[in-house]
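J.: sequence and predicted model, in that order:
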Amino acid sequence: MNIVHKACPCVLRRGSSGYELLVFEHPLAGRQIPKGTIETGEDPSVASLRELEEESGVRATGIVSRIAEMEILRTTSLYPHKEVPRLEAWHLYHLEVPQEVTTREYWIHAAEGSADEQGLLFAYFWFPIESSFESFEQYWHEVLLAVRKYCEGL
């Protein structure tokens, strides 16, 4: 089985009850963190910067740290013609963004980059990382736990 490498940019801010993670509602696939396929020859950290901008409209000012790398087996797909089990290696990076991003509570962004997502509207907001993960698909839980653990060390 081929492994598909994914960049997963994580933007954090300090909220009133702890750290909050930038997430969005995908109109067809539910709540998630920005992520996307790493292009051939592209460094995962550079891909994280690119994916954040394509999926949220936010241009990061830098990389704070690598959070984790993990393998995720996904057996479902948003698009029926792609519904086959596949192994993905997710590269999570904590990115720094301008302060005006962390003070916004909510915004809508028209996705760019992937042909499958072109023109879809993503609704962005802040998710308290200590909250229950039940509003996310199961495969996100391991990712969110890694971010939660990372935040404990900040």
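T.: Cool, got the structure.

J.: quickly find the element holding Trp149.
T.: Not quite, residue 149 is Lys, not Trp. Assigned by DSSP states H and E, Lys149 belongs to helix 141-152.

J.: tell me how far that helix is from the chain's mean position?
T.: 12 Å (CA atoms, centre = their mean, to the nearest Å).

J.: and that helix, C-alpha only, in CSV?
T.: Presented in CSV, the C-alpha positions along helix 141-152 are these (Å, rounded to 0.1, in the frame of the first residue of the first chain):
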residue,chain,number,x,y,z
HIS,A,141,-9.1,12.0,17.4
GLU,A,142,-5.5,10.8,17.3
VAL,A,143,-4.4,14.0,15.7
LEU,A,144,-6.3,16.1,18.2
LEU,A,145,-4.8,14.1,21.1
ALA,A,146,-1.3,14.8,19.7
VAL,A,147,-2.1,18.5,19.6
ARG,A,148,-3.5,18.4,23.1
LYS,A,149,-0.4,16.7,24.4
TYR,A,150,1.8,19.2,22.6
CYS,A,151,-0.1,22.1,24.2
GLU,A,152,0.6,20.6,27.6
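
J.: which one is Leu49 nearest to, not counting chain neighbours?
T.: Closest residue to Leu49 apart from its sequence neighbours, by CB to CB, 6 or more residues apart in numbering: Ala60 at 5.2 Å. C-beta: built from backbone N, CA, C; applies to glycine.

J.: for that neighbour, give me its contacts.
T.: Counting by CB atoms under 8 Å, 6 or more residues apart in numbering, Ala60 touches Pro9, Val11, Ser48, Leu49, Leu52, Glu53, Leu95, Glu96, Val97.

J.: which stretches of this protein have low pLDDT?
T.: 1, 76-83 (pLDDT under 70).

J.: all helices of it, in order?
T.: Ranges of helices in the chain, per DSSP state H, are 44-56, 99-102, 141-152.

J.: mean neighbour count and distance to Thr75 for the ones you listed - can I get that in JSON lines?
T.: Listed next are the helices of the chain as JSON lines, based on neighbours: other CB atoms under 10 Å; distance: least, CB to CB, whole Å:
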{"stretch": "helix 44-56", "mean neighbour count": "21", "distance to Thr75": "23"}
{"stretch": "helix 99-102", "mean neighbour count": "13", "distance to Thr75": "34"}
{"stretch": "helix 141-152", "mean neighbour count": "16", "distance to Thr75": "14"}
